[in-house]
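Asks: task: produce atomic coordinates for the following.
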Amino acid sequence: MSVASFTIKADSAEAVVTITPLPGPQKLLSNINRWRRQVGLDPIGSLGDNPPEPIDVAGHKGSLVELRGASKHMIGVIAERDGVTWFYKMVGPDPLVAAQKAAFGAFVRSVRFDGGAGKSGA
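Replies: Here you go, the predicted structure:
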């Protein structure tokens, strides 16, 4: 389902970055809870206590979440564009993912769909 993936390595640690598009709008809370389960955290009932951080993705509003489980750390971004929901995710051991957070955010903010500002016509 992913259209791209790559590995970030530092010493013996590895984190994986994936980019996955899914058709139509996706429910933010449902996806965050799915991600929470993937890192070993319990689901939450609402985003009120820990709302996602806003992030621009190719000129569109996105939501960034950071989740730390006992053995996995995940940073994920969900953004909709032209009827497609895009998921950008980095998962790996805490020290590596924490060290790469700024670079991952810069990567997501650098996404372009058409060589420009992310307008229709990809």
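Asks: so which bits of the longest helix anywhere in the chain are buried?
Replies: Criterion DSSP state H: the longest helix present in the chain is helix 28-38. By neighbour count with 16 or more other Cβ atoms under 10 Å, helix 28-38 contains the buried residues 28, 31, 32, 33, 35, 36. Where C-beta positions appear, they are placed from N, C-alpha and C, glycine not excepted.
Asks: can you add pLDDT and distance to residue 69 and give those residues back as TSV?
Replies: Converted to TSV, these look like this (pLDDT from 0 to 100; distance: Cβ to Cβ, whole Å):
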residue	pLDDT	distance to residue 69
28	93	19
31	95	16
32	95	13
33	96	13
35	96	10
36	96	8
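Asks: what pLDDT is listed against residue 1?
Replies: pLDDT, residue 1: 85.
Asks: correct me, but it touches residue 20?
Replies: Yes - judged on Cβ atoms under 8 Å, residue 1 makes contact with residue 20 at a distance of 5.3 Å.
Asks: more neighbours: the two, which one.
Replies: residue 20 (14 against 7; other Cβ atoms under 10 Å).
Asks: you'd agree the more buried one is up against residue 79?
Replies: No - using Cβ under 8 Å, residue 20 is not in contact with residue 79, being 11.7 Å away.
Asks: against which helices or strands is the lengthiest strand in the chain packed?
Replies: Using DSSP state E to define each element, the chain has its longest strand at strand 13-23. With contacts defined as 3 or more Cβ pairs under 8 Å, 6 or more residues apart in numbering; DSSP states H and E, strand 13-23 has these neighbours: strand 4-10, strand 84-92, helix 94-99.
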